[in-house]
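Colleague: Got a predicted structure here, sequence first:
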Amino acid sequence: MESYTPRPSRRSDVAPFLAMDVMEAARKADASGENIAHLEVGQPGTPAPRLAREAVIRTLQDGDSLGYTVALGLPALRERLSQMYSDIHGLDVSAERIVVTTGSSAGFLLAFLSLFDAGARLALADPGYPSYRNILASVDIEPVRLEATLASGYQPDPALLAAARMKGQIDGLLFASPANPTGTALSREDMAALVSDCQTHGTAMISDEIYDRLWYGEKPVSALALTPDAFVINSFSKYYCMTGWRIGWMVVPPGLVRTVERLAQNHFICPPHISQIAALAALDAEDELNGHLEVYRRNRALLLETLPGLGFRDFAPADGAFYLYADVSQLTNDSMDFSRRMLTEAKVAAVPGTDFDPMRGKSTMRFSFAGSTETVERAAHSLTKWLG
């Protein structure tokens, strides 16, 4: 009898997430005795807030069964998120529209599946978060690249959309503010222009707002302030320092909540119960969390002071998040090789721009300043010694 060897599906043929590959290479270097300065992954260097950890301990000590929750998430968490939108953003967002998700990644998948059929075309700016493209490809939705520029903060605009529509139907637009890898945010005026353009052309909107509480200048505007029709994705990973807890949320247009619920029931059953308990408590930990923001602010200033003199230039403005996206063409024409050499020779981990912009990323790199100031200082010293 001939043996059968299964082969991977066409839709599984997605590019690797290079930031995670760099993270793994850096982990191996650490394990072999090297002391790597980690600037590669957007992961806070601090644990989940104290209130969140204490809530988990109480729950476990009380012997809670931690069974399934309803697919949309704990009602108390959804109500508290609704209150947060009122307190922080001055917005009236009904708890009925809020869906708790298994990280923002599940939110994106639910949004894509609920809005688009196979073969649909969704526009997004490059450089951008690579998993957008890869998740889309895995569900047979075509990512349409908008070649954004430094002059526009690497953000999409109606002119880029108009040019894309000349080549075919655009069914949706995904934008992020503040964005990964650039940290740039859309002004209220610029976001309003995108919303108006999408409404005029019948284009669905998805707004990635997972960095909306991490900002260094003007407070970012939520798409919810401009329209009830956008899908808004958010997460407890970044501001709330809960990356490994895999818990996020989305705000859904009123008429699509049941659509998302049916998909969530079947794909995920529910988000992790214990993570929802931690998230509910984390929403009351702002004093602790805002202290972390001041650390990021110092780290950002330190890198902006150090990197330009070493040949890194043309930074995106970095209005928010915890990334710097820099041109490295004075140093290399191969950011992947440069990233490898930086890790092995300077003991600093950072991500090549090809992760975020496959077409132009050979001349760019992203640095994360989400870790401790000690880590950023050590990286700055090592890079100065290596390139200075």
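Modeller: Sure, I can see it. Residues are numbered from 1 along each chain as shown.
Colleague: Please state the offset of the host helix or strand of Ser339 from the chain centre?
Modeller: Remark: Ser339 resides in helix 335-341, with elements defined by DSSP states H and E. Relative to its parent chain, helix 335-341 has a centroid offset of 23 Å by C-alpha atoms, centre = their mean, to the nearest Å.
Colleague: tell me the domain ranges of the chain?
Modeller: As assigned by automatic domain parsing, the chain contains the domains 10-47+286-387, 65-282.
Colleague: Which strands and helices lie in contact with the helix or strand that contains Leu194?
Modeller: Assigned by DSSP H and E, Leu194 belongs to helix 188-201. Helix 188-201 is packed against helix 158-165, strand 172-176, strand 204-208, with contacts defined by 3 or more C-beta pairs under 8 Å, 6 or more residues apart in numbering; DSSP states H and E. For the C-beta atoms, the positions are set from N, CA and C on the backbone; glycine is no exception.
Colleague: on that earlier part again, minimum distance to Ala55: which of the domains of the chain has it?
Modeller: Among those, the nearest to Ala55 by C-beta to C-beta is domain 65-282 (3.7 Å).
Colleague: got the residue ranges for the strands in the stretch 1-150 of the chain?
Modeller: 37-38, 98-101, 121-126, 142-147 (DSSP state E, counting those that start in this stretch).
Colleague: So which other helices or strands are in contact with the third one?
Modeller: In this structure, strand 121-126 makes packing contacts with helix 130-138, strand 142-147, helix 158-165, strand 172-176, judged by 3+ C-beta pairs under 8 Å, 6+ apart.
Colleague: what do you get if the cut-off is 7 Å, keeping everything else the same?
Modeller: Packing contacts for strand 121-126, counted by 3 or more C-beta pairs under 7 Å, 6 or more residues apart in numbering; DSSP states H and E, involve strand 142-147, strand 172-176.
Colleague: What are the buried residues along the longest one?
Modeller: The neighbour-count criterion (16 or more other C-beta atoms under 10 Å) identifies 142-146 as the buried residues of strand 142-147.
Colleague: same check, this time on stretch 298-309
Modeller: Result for stretch 298-309 [16+ other C-beta under 10 Å]: buried residues 299-300, 302-303, 306-307.
Colleague: I'd like the helices and strands packed on strand 121-126 laid out as JSON lines, including distance to Phe112 and mean pLDDT.
Modeller: Listed next are the helices and strands packed on strand 121-126 as JSON lines, based on distance: least, C-beta to C-beta, whole Å; pLDDT from 0 to 100:
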{"stretch": "strand 142-147", "distance to Phe112": "10", "mean pLDDT": "97"}
{"stretch": "strand 172-176", "distance to Phe112": "8", "mean pLDDT": "98"}
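Colleague: returning to that earlier point: what's the closest of the buried residues of strand 142-147 to Thr332?
Modeller: Thr332 lies nearest to Arg145 out of the buried residues of strand 142-147, by C-beta to C-beta, at 23.1 Å.
Colleague: Tell me who's in contact with the nearest residue to the closest one once chain neighbours are set aside.
Modeller: Computed as C-beta to C-beta, 6 or more residues apart in numbering, the closest residue to Arg145 that is not its neighbour in sequence is Asp126, at 5.1 Å. Counting by C-beta atoms under 7 Å, 6 or more residues apart in numbering, Asp126 makes contact with 145-148, 357, 359.
Colleague: For Asp126, give its distance to Gln155.
Modeller: Going from Asp126 to Gln155 by C-beta to C-beta, to the nearest Å gives 11 Å.
Colleague: Need the residues touching each of these two.
Modeller: Both Asp126 and Gln155 are contacted by Ala148, under the criterion C-beta under 7 Å, 6+ apart.
Colleague: Lys365: what secondary structure?
Modeller: Let me fix one detail, which is that residue 365 is Met and not Lys. strand (DSSP: H, G, I helix; E, B strand; the rest coil).
Colleague: pretty sure Ala230 contacts Ser222?
Modeller: No. Under the criterion of C-beta atoms under 7 Å, Ala230 makes no contact with Ser222, lying 9.0 Å away.
Colleague: How about residues contacting stretch 310-317?
Modeller: If you take C-beta under 7 Å, 6+ apart as the criterion, stretch 310-317 is touched by 150, 153-154, 182-184, 324-328, 330-331, 383-384, 387-388.
Colleague: The residue nearest to Arg145 bridge partners, please.
Modeller: Under DSSP bridges, the beta-bridge partners of Asp126 are Glu147.
Colleague: now do Met250
Modeller: Met250 has these beta-bridge partners by DSSP bridges: Val99, Ile233.
Colleague: was I right about it contacting Gly107?
Modeller: Yes. The pair Met250 and Gly107 passes the contact test of C-beta under 7 Å, sitting 4.1 Å apart.
Colleague: Low-confidence regions, the chain specifically.
Modeller: Flagging of the chain using pLDDT under 70 yields the residue ranges 1.
Colleague: which strands and helices sit next to the biggest helix by length in it?
Modeller: For the chain, the longest helix by residue count, based on DSSP state H, is helix 286-306. For helix 286-306, the packing partners by 3+ C-beta pairs under 7 Å, 6+ apart come out as helix 373-387.
Colleague: elements contacting the helix it packs on?
Modeller: Using 3+ C-beta pairs under 7 Å, 6+ apart, helix 373-387 sits against strand 37-38, helix 286-306, strand 348-349.
Colleague: roughly how far out does that helix sit from the chain middle?
Modeller: Relative to its chain's centre, helix 373-387 lies at 25 Å (C-alpha atoms, centre = their mean).
Colleague: so that helix versus helix 286-306, what angle?
Modeller: Following axes from the mean of the first three to the mean of the last three C-alpha atoms, to 10 degrees, one obtains 10 degrees for the angle between helix 373-387 and helix 286-306.
Colleague: Contacts for stretch 134-145, please.
Modeller: Stretch 134-145 is contacted from outside by 11-12, 14-15, 108-109, 112-113, 116, 118-124, 126, 132-133, 164, 170, using C-beta under 7 Å, 6+ apart.
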